[in-house]
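[1] Sequence and predicted structure, then a few things I'm wondering about:
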Amino acid sequence: MPEQINVKLVKQIDDSYKITIGKDLFSNISDRITSLVKSNTFVIISDSNVYPIYGEKIKNSLTEKGNKVLTVTFKAGEESKTRETKSQLEDELLKNKIGRDACIITLGGGVTGDMGGYVAATYQRGIPFVQIPTTLLSQVDSSIGGKVAVDTLFAKNMIGAFYQPKAVFIDISVLKSLPSHLRLNGIGEAIKHGIIFDEEYFSFIEKNVDKIKSLDEKTMTLLVKRSCEIKTVVVEKDEKESGLRQILNFGHTIGHAVETLSDYKILHDNCVCIGMNYESLIAYKIGRITKKEYDRIKNILKAFDLPFNIPENMKPVDIIAKTFLDKKVKNNKVKYVLPSKIGHADFGIEVSENDILKIF
Ligand SMILES: NC(=O)c1ccc[n+]([C@@H]2O[C@H](COP(=O)([O-])OP(=O)(O)OC[C@H]3O[C@@H](n4cnc5c(N)ncnc54)[C@H](O)[C@@H]3O)[C@@H](O)[C@H]2O)c1
Ligand SMILES: [Zn+2]
């Protein structure tokens with residue numbers, strides 16, 4: 001008989017953290033961070049666009065208080081979110097003898113947060129990190145929930161981990177420096193939060209279209225706060241997406257198909273808007289929501305000048321075929337997340353090809 005030893009590792013982990021939302025947070029960011037993270041060595045990971053605008057302010061705040069700071073940057077853009085760039089960043093940390101007592105600060109959009117967070121997850125088997133998201137998309141979505149990853153040539157976000165930050169600092173004022181075409185990139189995900197979880201939030205967005213478009217700080221603070229709350233509630237109940245977290249994928253089944261067919265030329269948030277329109281149409285056609293509710297969804301997309309129709313050069317059959325390549329397909333039916341009203345959605349709903357064909 002072979003010998004057996006039981007390695008008992010039942011774990012109870014407290015990965016709780018605070019999300020701070022406000023404006024002009026950077027001048028005393030050092031005190032804010034060190035009150036939540038016990039470290040005096042920091043590595044700021046940022047990209048070539050964001051670091052020149054906000055990096056020094058954060059670095060100075062930290063060094064003035066006697067902290068050691070290393071800065072590592074990479075060329076801005078999704079093309080940099082690779083294993084190669086991650087290795088380069090890690091080599092910089094190793095070359096500078098950064099130890100386990102250091103804390104990484106990711107300063108930038110979702111690319112920086114995802115890749116910098118993944119460096120934190122694996123550097124010396126994991127060191128703490130703090131997120132400072134600087135795009136609306138990263139403020140309402142990617143900086144919360146602990147999904148960190150890099151892309152590969154085969155697919156996006158395929159190599160990564162679940163690794164929670166120690167704190168998130170969201171400064172609303174930074175949105176103003178974004179190029180105009182990216183300023184509201186992420187509003188689609190915020191609208192999604194309203195549809196799947198909170199009718200009151202959906203109406204708040206409906207009523208404040210102009211203020212949101214002009215990045216009114218009070219309105220944006222409320223918007224980002226509510227989106228973070230919704231994502232937090234969902235992630236708290238299902239961190240690793242075995243159940244409820246799937247509702248966050250509303251709009252993403254058709255959205256991902258459009259994104260892939262566009263060769264990633266159309267922004268993810270815009271693809272999600274297109275996906276939300278068609279998936280809401282499915283919900284309406286199979287009797288889950290009323291025409292009035294469907295119209296509200298379509299109208300809010302229109303109000304923000306967001307796309308809601310598939311591009312002219314894309315064929316519905318190709319989109320449907322792509323959704324069937326999804327690994328969740330069973331018995332020739334794709335599983336969708338669909339609203340049952342504005343403010344509630346269910347996941348795992350099987351929709352037949354026939355029902356999908358009706359919407360195009
Ligand atoms: N982890 C998650 O749960 C999750 C969720 C959604 C998306 N994502 C990921 O997020 C990424 C997209 O994030 P993104 O849209 O923030 O892209 P991004 O990080 O590339 O930022 C977009 C552009 O804006 C610039 N920028 C960022 N903040 C700025 C500011 N305040 N002023 C001026 N320029 C600024 C960046 O340099 C970049 O050129 C994707 O890789 C996606 O996979 C992750
Ligand atoms: Zn998304």
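    Okay, I see it. Residues are numbered from 1 along each chain as shown. Ligands and ions are numbered 1, 2, ... in the order given.
[2] In the stretch 201-350 of the chain, what residue comes closest to ligand 1?
    The stretch 201-350 of the chain approaches ligand 1 most closely through His268 (6.2 Å), counting by C-beta to the nearest ligand atom. In short, each C-beta sits where N, CA and C put it, glycine included.
[3] Let me know how buried that residue is, in neighbour terms.
    By other C-beta atoms under 10 Å, the residues close to His268 number 22.
[4] Isn't it up against Thr260?
    No: using C-beta atoms under 8 Å, His268 is not in contact with Thr260; the gap is 10.9 Å.
[5] and the residue of the stretch 201-350 of the chain closest to ligand 1, what are its phi and psi?
    His268 adopts backbone torsions of phi -50, psi -50, taken as degrees, to the nearest 10.
[6] Need the three-state assignment for the residue nearest to it when sequence neighbours are not counted.
    Nearest non-adjacent residue to His268, counting by C-beta to C-beta, 6 or more residues apart in numbering: Glu259, 6.0 Å away. Secondary structure assignment for Glu259 (DSSP: H, G, I helix; E, B strand; the rest coil): helix.
[7] What distance do you get for Glu259 to Lys322?
    To Lys322, Glu259 is 9 Å away according to C-beta to C-beta, to the nearest Å.
[8] Show me which of the two is the more surrounded one.
    When Glu259 and Lys322 are compared for neighbours, Glu259 comes out ahead with 23 against 18, by other C-beta under 10 Å.
[9] Contact partners for the more buried one?
    Contact analysis of Glu259 by C-beta atoms under 8 Å, 6 or more residues apart in numbering lists Ile266, His268, Cys271.
[10] So the last one sits against His256, correct?
    Read that as Cys271. Yes: at 7.1 Å, Cys271 counts as touching His256 under the criterion of C-beta under 8 Å.
[11] The two: which is more packed in?
    Comparing Cys271 with His256 by other C-beta under 10 Å, the one with more neighbours is Cys271, at 26 against 21.
[12] what residues are up against the more buried one?
    Going by C-beta under 8 Å, 6+ apart, Cys271 touches Gly255, His256, Val258, Glu259, Ser262.
[13] Could you do Lys240 as well?
    Counting by C-beta under 8 Å, 6+ apart, Lys240 makes contact with Phe162.
[14] Neighbours of Ile191, how many?
    Ile191: 27 surrounding residues under other C-beta under 10 Å.
[15] likewise Asp198?
    Count around Asp198 with other C-beta under 10 Å applied: 19.
[16] where do the strands sit along the chain?
    Applying DSSP state E to the chain gives strands spanning 18-22, 41-47, 68-74, 103-108, 129-133, 147-150, 159-162, 167-171, 334-341, 344-351.
[17] For the first one, the averaged confidence score.
    I take that to be strand 18-22. Regarding strand 18-22, the rounded mean pLDDT is 96.
[18] For that strand, enumerate the helices and strands it packs against.
    Judged by 3 or more C-beta pairs under 8 Å, 6 or more residues apart in numbering; DSSP states H and E, strand 18-22 is in contact with strand 167-171, helix 217-237.
[19] Mind listing the strands the first one pairs with, and their directions?
    This points to strand 167-171. Each strand paired with strand 167-171, and its direction, by DSSP bridges: strand 18-22 (parallel), strand 129-133 (parallel).
[20] So for the residue nearest to His268, what's the pLDDT?
    For Glu259, the model assigns a pLDDT of 95.
[21] looking at the strands of the chain, which is closest to Gln12?
    Among these, the nearest to Gln12 by C-beta to C-beta is strand 159-162 (16.1 Å).
[22] hmm, the closest one in reach of ligand 1?
    No: contact of strand 159-162 with ligand 1 (C-beta under 6 Å from any ligand atom) is absent, the minimum separation being 8.2 Å.
[23] Return the set of buried residues in that strand.
    Going by neighbour count (16 or more other C-beta atoms under 10 Å), the buried part of strand 159-162 is Gly160.
[24] What is the neighbour count of the closest residue to Thr221 other than its chain neighbours?
    Spatial nearest neighbour of Thr221, chain neighbours left out: Ile172 (5.4 Å); criterion: C-beta to C-beta, 6+ apart. The tally of other residues near Ile172 (other C-beta under 10 Å) stands at 24.
[25] How about the contacts made by Ile172?
    Listed by C-beta under 8 Å, 6+ apart, the contact partners of Ile172 are Ile21, Gly22, Lys23, Gln139, Leu215, Glu217, Met220, Thr221, Val224.
[26] Show me where the stretch 201-350 of the chain has its helices.
    Taking DSSP state H, counting those that start in this stretch, the helices of the stretch 201-350 of the chain run over residues 209-213, 217-237, 252-261, 268-285, 291-303, 316-324.
[27] In terms of pLDDT, where does the residue positioned nearest the centre of the chain sit?
    In the chain, the residue lying closest to the centroid (C-alpha atoms, centre = their mean) is Ser142, at 2.2 Å. pLDDT recorded at Ser142 is 96.
[28] which residue packs closest to it, ignoring adjacent ones?
    Nearest one to Ser142, counting by C-beta to C-beta, 6+ apart, is Gly110 at 3.8 Å.
[29] Make sure the one you found is actually in contact with Gly145.
    No: using C-beta under 8 Å, Gly110 is not in contact with Gly145; the gap is 11.6 Å.
[30] mind putting the contacts of Cys271 in a markdown table, distance to ligand 1 included?
    What follows is these, written out as a markdown table (distance: C-beta to the nearest ligand atom, whole Å):
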| residue | distance to ligand 1 |
| --- | --- |
| Gly255 | 12 |
| His256 | 11 |
| Val258 | 15 |
| Glu259 | 10 |
| Ser262 | 15 |
